[in-house]
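Asker: Quick one, fold the following:
(one chain, ligands or ions: 1)
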Amino acid sequence: MSINKFISDYLATADYRSGYLLQCLYEIQYQYGCISQQAIKLLAEKLSLSEAHIHGVIGFYAFLHDSPRGPYDILISDSITDHMLGSRELLDSLCDKLGVTPGIPREDGRVTVNTTSCTGMCDQGPAMLVNGWTITLLDENRIENISKLIEANTDIEQWPREIFQVTDNIYRRDLLLTDESYNGDALKSLIKQGDEHILEQIIASGLRGRGGAGFTTGLKWRFCKQATADLRYVVCNADEGEPGTFKDRVLLNTYADKVFEGMTVCAGIIGATEGLLYLRGEYRYLREPLEQILQDRRETGLLGKNILGEEGFDFDIEIHMGAGAYICGEESSLIESLEGKRGIPRKRPPFPVTHGYQNKPTVVNNVETFMAAALIAIHGADWFNTTGTKESTGTKLLSISGDCERPGIYEYPFGVSIQQILQDCGAKDVQAVQVAGAAGFTIPAEEFERCIAFEDVSTGGSFMVFNQQRDLLDMVQNFAHFFVHESCGFCTPCRVGSVLMKDLVDKVHAGHAGRYDLGEMQKIGQLMRSSSHCGLGTTAPNPVLDTLSKFPHIYEEHLKQSSYEPAFDLDAALQDSRDITGRDDAGAHIGTES
Ligand code: SF4
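Answerer: The predicted structure follows:
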């Protein structure tokens, strides 16, 4: 199909609204392998946007490209837990077999291999994406087979299906994962008991947002309901990009009906007619099954007009794809992204409950939160708030990965100790646990009696285990690089601070740092915390500041001297000039002190 027809057909389904720019770019990327200049020109004309604007959007999202990457575009997960499982060696092996340099399309233009941030498969890593499709449990065998398939020019549709298998790995179930209610039960309860009663139940349940911030869900819904507006929206944030988090993947794979039901309950309460599920690009394989579930719900009267025969209860849900930008997990960035723009966080206030998607009142909640809300609508507040602690009612799903025998999903009542979790997942000889992902907290062994709860150790779900054999500085370095990659670049403290911090961590890791550098890391970290525009920048220095205070020895061991030493090798930096001039004599080198 010509690109012109493809774009016209797609935009016709979206009423030529510029808000669908990102979705259209996503479709073009996966249909044609890149977004060509011709496609950009056509989109600019059809949507009355400037080409520069479209280039800006493409440049913001890691999965969009304006130059070809070949029929096989491979991204290997760069998460620290994948490193621990040998992903770097497998990357080297794949590049050797295919004869490619990471990040650069092969000379014949047929394949590109690179790394990407965490793909949400830490319980079955190392993982990769091929043209956006997930492959887990990589080992030398799989790498060998994949390289053969590529060299044989086998269409990805013909690759053995088993290599695309993703498993749930649920090891502990509690309130949410043992529930046996039927589709529609929450909506029947809403219709029977009334929206005000169900909202009161959700408030009384004490349910707080499961994405990490922990705002009271019922109050958020109440504020949105009270806002004056002709339209309201319900948005489900399924962009779990925090390294080490993968619980939403499992909920959407196996419990999607309950998540959609929670969104529909919310819509009935606040008076919304449109809902959007923002699905992270890494979960492309879930899109089709989710679309099918939505269609089934329409056909059984659980979505669409007059839901369950209730006059005026109209609501439907659309899936929007993310395209590889961690910052879009932040709710205002996510809304920008849903509107087809670069995901730059908005200034707040005003908050989305009054000025959200399309500047209308919008509830944005996490996948787990919507599922919990649906079940509270069925079983009532007491069913939920008698589990957990006073300030953190109910249960929490944890995504456990790293050095343990049984990585996977564990649902616990809030208040469970870290020690208990480590015992359950088969972790031994543990040096530290990283809770809440790259932006979270590093917990040393002497604090393992602490509890998972908003009032103690709060987490969106990521729980990574590091045994005594690990160098924690590898983790810190991985996170420092992650934040440089994921900073949206809008504000200076984060954009520049994250690069300075990464350079200093690299310097320590390479054994070139002195004590002065550790002081600089403290200063830069504090500045980022106090001056960054959004939560990404304020939390990005956490791994460095936390480990500097709790694990000073990991830095001390890498310090070679206490005096100042340059952050880079000046002589090595002049190599390009020597190559250009053809000189390699002593005079072309910076002298070194003996
Ligand atoms: Fe962007 Fe970082 Fe500033 Fe947030 S803190 S707006 S991610 S540059």
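
Asker: Helices along the stretch 51-200 of the chain, start to end?
Answerer: 51-60, 80-84, 87-98, 140-151, 185-193, 195-205 (DSSP state H, counting those that start in this stretch).

Asker: okay, those, which one's buried deepest?
Answerer: helix 80-84 (a mean of 25; mean count of other CB atoms under 10 Å). C-beta coordinates here come from the backbone N, C-alpha and C atoms, glycine included.

Asker: which residues are in contact with that helix?
Answerer: 76, 118, 122, 125-127, 243-244, 401-403, 464, 470, 474-475, 478-479 (CB atoms under 8 Å, 6 or more residues apart in numbering).

Asker: residues from the stretch 351-500 of the chain in reach of the ligand?
Answerer: Taking CB under 6 Å from any ligand atom as the contact definition, the stretch 351-500 of the chain meets the ligand at 487-491, 494-495.

Asker: now with 8 Å?
Answerer: By the rule CB under 8 Å from any ligand atom, the part of the stretch 351-500 of the chain lying against the ligand is 486-495, 498.

Asker: ChimeraX command for the buried members of the residues you listed?
Answerer: Buried residues within these, by 16 or more other CB atoms under 10 Å, are selected in ChimeraX with:
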select :486,487,488,490,491,493,494,495,498
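
Asker: Would you confirm that Q431 contacts Q468?
Answerer: Yes: using CB atoms under 8 Å, Q431 is in contact with Q468, at 4.7 Å.

Asker: what about the residue lying closest to A323 once chain neighbours are set aside, distance to K341?
Answerer: Once flanking residues are discounted, A323 sits nearest to Y61: 3.7 Å by CB to CB, 6 or more residues apart in numbering. Relative to K341, Y61 is positioned 11 Å away (CB to CB, to the nearest Å).

Asker: what touches both of the two?
Answerer: Joint contacts of Y61 and K341 (CB under 8 Å, 6+ apart) are L22.

Asker: Comparing Q431 and Q468, which residue is more hemmed in?
Answerer: Q431 (18 against 11; other CB atoms under 10 Å).

Asker: And what about the more buried one, helix, strand or coil?
Answerer: What DSSP: H, G, I helix; E, B strand; the rest coil gives for Q431 is strand.

Asker: what about the strands in the stretch 351-500 of the chain?
Answerer: 362-366, 395-402, 408-413, 430-435, 441-444, 462-467 (DSSP state E, counting those that start in this stretch).

Asker: As JSON lines, those strands with mean pLDDT and distance to R172 would be great.
Answerer: Below are those laid out as JSON lines (pLDDT from 0 to 100; distance: least, CB to CB, whole Å):
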{"stretch": "strand 362-366", "mean pLDDT": "97", "distance to R172": "20"}
{"stretch": "strand 395-402", "mean pLDDT": "98", "distance to R172": "9"}
{"stretch": "strand 408-413", "mean pLDDT": "98", "distance to R172": "4"}
{"stretch": "strand 430-435", "mean pLDDT": "98", "distance to R172": "17"}
{"stretch": "strand 441-444", "mean pLDDT": "96", "distance to R172": "20"}
{"stretch": "strand 462-467", "mean pLDDT": "98", "distance to R172": "12"}
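
Asker: Reformat those as JSON lines; add distance to S577.
Answerer: Below are the strands of the stretch 351-500 of the chain laid out as JSON lines (distance: least, CB to CB, whole Å):
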{"stretch": "strand 362-366", "distance to S577": "52"}
{"stretch": "strand 395-402", "distance to S577": "44"}
{"stretch": "strand 408-413", "distance to S577": "53"}
{"stretch": "strand 430-435", "distance to S577": "42"}
{"stretch": "strand 441-444", "distance to S577": "42"}
{"stretch": "strand 462-467", "distance to S577": "42"}
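
Asker: if we compare those, which one ends up closest to V100?
Answerer: Comparison of the strands of the stretch 351-500 of the chain against V100 by CB to CB identifies strand 395-402 as nearest, at 28.3 Å.

Asker: Quickly run through the sheet partners of that closest one, with directions.
Answerer: strand 408-413 (antiparallel), strand 462-467 (parallel) (DSSP bridges).

Asker: Buried ones among the contacts of helix 80-84?
Answerer: For these, a burial check counting by 16+ other CB under 10 Å picks out 76, 118, 122, 125-127, 243-244, 401-403, 464, 470, 475, 478-479.

Asker: so what does the lowest-mean-pLDDT helix or strand in the chain touch, helix or strand wise?
Answerer: Counting by mean pLDDT, DSSP states H and E, the chain has its least confident helix or strand at helix 570-573, which shows a mean of 85. The helices and strands touching helix 570-573, judged by 3 or more CB pairs under 8 Å, 6 or more residues apart in numbering; DSSP states H and E, number zero.

Asker: chain center to the following helix or strand past that helix: distance?
Answerer: Later in the chain than helix 570-573, the nearest helix or strand by DSSP states H and E is helix 575-581. Distance of helix 575-581 from its chain centroid, counting by CA atoms, centre = their mean, to the nearest Å, is 42 Å.

Asker: do stretch 299-311 as well
Answerer: Between the centre of stretch 299-311 and the centre of its host chain there is 33 Å, according to CA atoms, centre = their mean.

Asker: Quick check: buried residues in that stretch?
Answerer: Buried-residue list, stretch 299-311, by 16+ other CB under 10 Å: 302-303, 307.

Asker: just to revisit the earlier point, right, so the strands paired with strand 395-402: which one is the most enclosed?
Answerer: strand 462-467 (a mean of 25).

Asker: How about the residues of the protein by the ligand?
Answerer: So the chain meets the ligand at 327, 330, 333, 344-345, 486-495, 498, 528, 532-538, 540 (CB under 8 Å from any ligand atom).

Asker: Among those residues, name the ones in helices.
Answerer: Members of those lying in helices (criterion: DSSP state H): 333, 486, 492-495, 498, 528, 535-538.

Asker: export the residues you listed to TSV and tack on pLDDT?
Answerer: Shown next, in TSV, are these (pLDDT from 0 to 100):
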residue	pLDDT
S333	97
E486	96
T492	97
P493	97
C494	97
R495	97
S498	98
M528	97
G535	94
L536	96
G537	97
T538	97
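
Asker: how far away is T395 from the ligand?
Answerer: 31 Å (CB to the nearest ligand atom, to the nearest Å).

Asker: quick one: contacts for that residue?
Answerer: Neighbouring residues of T395 by CB under 8 Å, 6+ apart: 174-176, 387-388, 411-414.

Asker: got it, and Y283?
Answerer: By CB under 8 Å, 6+ apart, the neighbours of Y283 are 120, 134, 238, 249, 252.
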